[in-house]
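1. what would the 3D arrangement of this be:
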Amino acid sequence: MEVRFHKLVQRDLHEILSYYDLQSGRELADKFYSEFLKLVQKAQDHPKHFHLDSSGLRRCNITRYNHHFLYRIKSDHIRIQVLKHNHRHPGFGLARKP
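-> Numbering: from 1, shown residues only. Presented below is the predicted three-dimensional model:
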């Protein structure tokens, strides 16, 4: 199954990587990115593995980093809508057009 990203997910990812890069150096940012890619692959391989959250989207927790991404399953792909910190407002990113 193909993975597609909302156009603003790149911005979400850049903000997170920049934060980790400034706080702890490139190594932590690289580890976050690697973990994110691993979980995207898991969602791609097993789209129904992750639970539905209250928004109706599937939620994949990146637990080591207190972040998660939300995605929806389409007939031929999954679409990642938002990547955010767990303490970010629950509605952040939900208004993005599918």
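2. return the set of buried residues in the longest strand seen in the chain.
-> Among all segments of the chain classified by DSSP state E, the strand with the greatest residue count is strand 77-85. Of all the residues in strand 77-85, those buried under the rule 16 or more other CB atoms under 10 Å are 78-85. All C-beta spots, glycine's among them, are computed from the backbone N, C-alpha and C.
3. name the residues that touch it?
-> With contact meaning CB atoms under 8 Å, 6 or more residues apart in numbering, strand 77-85 is reached by 1-6, 8-9, 12-13, 16, 36, 40, 43-44, 47, 57, 66-72, 92-94, 96, 98.
4. partners of that strand in the sheet?
-> Taking DSSP bridges as the criterion, strand 77-85 pairs within the sheet with strand 2-5 (parallel), strand 67-73 (antiparallel).
5. could I get those strands as JSON lines with mean pLDDT and mean neighbour count?
-> Formatted as JSON lines, the entries for the strands paired with strand 77-85 read as follows, by pLDDT from 0 to 100; neighbours: other CB atoms under 10 Å:
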{"stretch": "strand 2-5", "mean pLDDT": "98", "mean neighbour count": "14"}
{"stretch": "strand 67-73", "mean pLDDT": "98", "mean neighbour count": "21"}
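6. in a markdown table: those, plus distance to S24.
-> Converted to a markdown table, these look like this (distance: least, CB to CB, whole Å):
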| stretch | distance to S24 |
| --- | --- |
| strand 2-5 | 25 |
| strand 67-73 | 15 |
